[in-house]
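Visitor: Any chance you can model this:
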Amino acid sequence: MKTSELQYGLHDRPSLAVTLGSAFQHVMLGLVTLSFPLLVIEDIYPRSMLPPDQVSTLMITSFLALGVATLLQACRFGGIGSGFLAPAVFTAADLPPSLAAAHAGGLGLVFGMTIFAGLLEIGLAFLIRRYPKMFPAELAGFVVMFIGLVLGEVSIRLIFGLSAAGIADMNTTSIPVLALLTCLVTIIASIWFKGAIRSFSVLIGLGVAVMVGLTTDSLSLASLDHPALKGSFSWPIAMPTFDPTFILPFAAAALATSLRSMADIITCQRINDGNWKRPEQTSIHRGVLADGLGDVFAGLIGTVGLNTYSGSVGLSAATGITSRRVALAIGAMWITLACIPGIPQIVAIVPRSILGGALLFTSCFIVFNGVQIIADRVLDNRKIIALGLGLFAGITRMVYPKLFEGIHPAFSSLVQSELTLATLIVLGLTAVFRLGLNRNRSIAIPMDENRFEAVSQFLHVAAAAWGTRQQPLSRAVAASIEFLELAPDLVTPGTPIELSLFGDDTELKVRISYRGKVLKQGDDSRLELDDLDGDAAQRARFAQALLSRLCGEIQAFEDRGICVLQLVFEQ
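Guide: Okay, here's the model as predicted:
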């Protein structure tokens, strides 16, 4: 069931105008990441010596790779693709190792190691499906949240033309006023308007900023120049090569992009399903698999690594359009634009600062989608420490990059990206903290006035260690307390109640054992508030009916003289 905030859900078919307009918004937002392949080739050659044919060809192959990877993600064909609106873009996670590979072996080594990273991500797709407990929902939520923080920081740098060190970048055209105008108009269109204006809020923001810029002469395309405008298509740029010394850096990048794809797909699940409860592993596996294949294709055709785009996922949430039809249109649009002479090359001169204003808007939705995924789980000290240390490490890398300059070369690739560093710390600590974790806990509770507090505390502590969702835990506590209300009439005086909690990622089970009489199940259709003011029999009937309503399944029976009540709650 789609959420009420959506105008067009996953399976809806918006009109052609809405489809193309929404797709164009996503393409415009994805233009920001086309700076990554440009950064790789501009890092090899001085700007004045850039080979025009190579730059021009790189932009064309980049457009084609974005189109094919987006279609792979959307199509759900042959066990590949999540089917969600999660377009592909170039990722910062691959940038540090790609820059190092470009210095060591040129573009050929970048392409070859990109293929390797894609193959590794394909393997990780099967690992995530086989061992889903190693990749819990709160880890995916953390990755989503941190990606939002990183994109927010990147957008601020784009808006004000700052380098990663926080100083003015002379090679960047910065127009902060137009960038902030883009963000402001987009916010106004998405909050105070509905329908088409909200759906195209980012496109409207970009259009207003460009028109104001051209009118006031603060934006002049004639004054911009780039070697890509003078080049022609000459493929292949370079043949892929392989170097074992870059296995670790690209393996770390593959892990980061796999978890980002996983997190983006979980966010898509949550946006599209009003009754979302837990990650659905099949679409996650298919989505990560498609992401890996997109990387392989990118390396083969001659460009850098790709990944699903949290910015587009945030945009779909903001505009209320998540239709798969839009995803297919985005892929087709990238491929079509690649075939139009001059279009891919012109992208090289688009001011990044204006696009940064749109990216700042979508970053807000990404951050809080991640926060909501985390907040839906009950967290104990293990998970809080793992997430907290990962967050602090990533922020430290973002704010104080010089602290990590002395790292041994063998491990330097692990700290070149704040996302990679934070993700690896959370993943590693999560694996370590799972050691000794018991998925079956029991407690004996005496029949005294403290039994309610004892049961509530036991269930909260045990469920937090497993990362149980808030809703089933609340139901389990309420149902257990309702039984304790009935206990004086059921339990033999002077004997304790044994309460056990166990389950998995789909079910939470509470097993109550005691000596006495078996509970008679109530009819939840007879749940009447007037019974609360009645006699003991009426109050007991109310408690029994409420117990039936709280639980997904109830089993009450006697086993070797011991009465057993088993309560099942869907996770």
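Visitor: so Val110 touches Ala102, yeah?
Guide: Yes: between Val110 and Ala102 there is a contact under Cβ atoms under 8 Å: 5.2 Å. All C-beta atoms are positioned from the backbone trio N, CA, C, and that covers glycine.
Visitor: What ranges does the stretch 1-150 of the chain have for its helices?
Guide: Secondary structure of the stretch 1-150 of the chain (DSSP state H, counting those that start in this stretch): helices at 16-30, 35-44, 52-75, 95-130, 137-160.
Visitor: sorry, back to before: what's the overlap in contacts for Val110 and Ala102?
Guide: Contact criterion Cβ atoms under 8 Å, 6 or more residues apart in numbering; residues shared by Val110 and Ala102: Val40.
Visitor: These two: who's more crowded?
Guide: Val110 (33 against 21; other Cβ atoms under 10 Å).
Visitor: Tell me the confidence at that one?
Guide: Val110 is assigned a predicted lDDT (pLDDT) of 93.
Visitor: Doesn't Leu501 lie inside a helix?
Guide: No: secondary structure of Leu501 (DSSP: H, G, I helix; E, B strand; the rest coil): strand, not part of a helix.
Visitor: where do the helices sit along the stretch 451-571 of the chain?
Guide: Going by DSSP H, counting those that start in this stretch, the stretch 451-571 of the chain shows helices at 451-466, 470-490, 536-550.
Visitor: so how far is the first one off the chain centroid?
Guide: This points to helix 451-466. 30 Å (Cα atoms, centre = their mean, to the nearest Å).
Visitor: Okay, buried residues for that helix please.
Guide: For helix 451-466, a neighbour-count test (16 or more other Cβ atoms under 10 Å) marks Arg451, Ala454, Val455, Ser456, Phe458, Leu459, His460, Ala462, Ala463, Ala464, Ala465, Trp466 as buried.
Visitor: List the contacts of stretch 427-434.
Guide: 133-136, 139, 255, 259, 382-383, 385-386, 389-390.
Visitor: rerun that using 7 Å as the cut-off
Guide: Applying Cβ atoms under 7 Å, 6 or more residues apart in numbering, the external contacts of stretch 427-434 come out as Met134, Pro136, Leu139, Arg382, Ile385, Ala386, Leu389.
Visitor: what does stretch 246-253 give?
Guide: Under the criterion Cβ under 7 Å, 6+ apart, residues 93-94, 97, 100-101, 113, 116-117, 120, 305, 413-414, 420, 424 lie in contact with stretch 246-253.
Visitor: circling back to that earlier point, for Val89, which of the helices of the stretch 451-571 of the chain is the nearest?
Guide: Comparison of the helices of the stretch 451-571 of the chain against Val89 by Cβ to Cβ identifies helix 470-490 as nearest, at 33.0 Å.
Visitor: other SSEs contacting the closest one?
Guide: With contacts taken as 3 or more Cβ pairs under 7 Å, 6 or more residues apart in numbering; DSSP states H and E, helix 470-490 sits against helix 451-466, strand 507-514, helix 536-550, strand 562-570.
Visitor: one more time with 10 Å, if that's ok
Guide: Applying 3 or more Cβ pairs under 10 Å, 6 or more residues apart in numbering; DSSP states H and E, we find helix 470-490 packed against strand 440-445, helix 451-466, strand 497-503, strand 507-514, helix 536-550, strand 562-570.
Visitor: where among the ones you listed is the average confidence lowest?
Guide: The weakest mean pLDDT among the helices and strands packed on helix 470-490 belongs to helix 536-550, with a mean of 70.
Visitor: Return the set of buried residues in stretch 380-388.
Guide: Neighbour-count burial for stretch 380-388 [16+ other Cβ under 10 Å]: Asp380, Arg382, Lys383, Ala386, Leu387.
Visitor: Could you check the pLDDT of the last one?
Guide: This points to Leu387. Listed pLDDT for Leu387 reads 92.
Visitor: That one contacts Ala375, correct?
Guide: No: counting by Cβ atoms under 10 Å, Ala375 is not a contact partner of Leu387; they are 11.5 Å apart.
Visitor: what is in contact with these two at once?
Guide: Here Leu387 and Ala375 have Glu138, Gly141 as joint contacts, going by Cβ atoms under 10 Å, 6 or more residues apart in numbering.
Visitor: could you turn stretch 457-468 into CSV, dropping everything but the C-alphas?
Guide: Taking Å, rounded to 0.1, in the frame of the first residue of the first chain, the C-alpha atoms of stretch 457-468 are listed here in CSV:
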residue,chain,number,x,y,z
GLN,A,457,12.2,-4.0,31.9
PHE,A,458,13.1,-7.5,30.8
LEU,A,459,11.4,-7.2,27.4
HIS,A,460,12.9,-3.8,26.7
VAL,A,461,16.5,-4.9,27.5
ALA,A,462,16.2,-8.2,25.6
ALA,A,463,14.6,-6.6,22.5
ALA,A,464,17.1,-3.8,22.4
ALA,A,465,20.0,-6.2,22.1
TRP,A,466,18.3,-7.7,19.0
GLY,A,467,17.3,-4.4,17.3
THR,A,468,13.6,-5.2,17.5
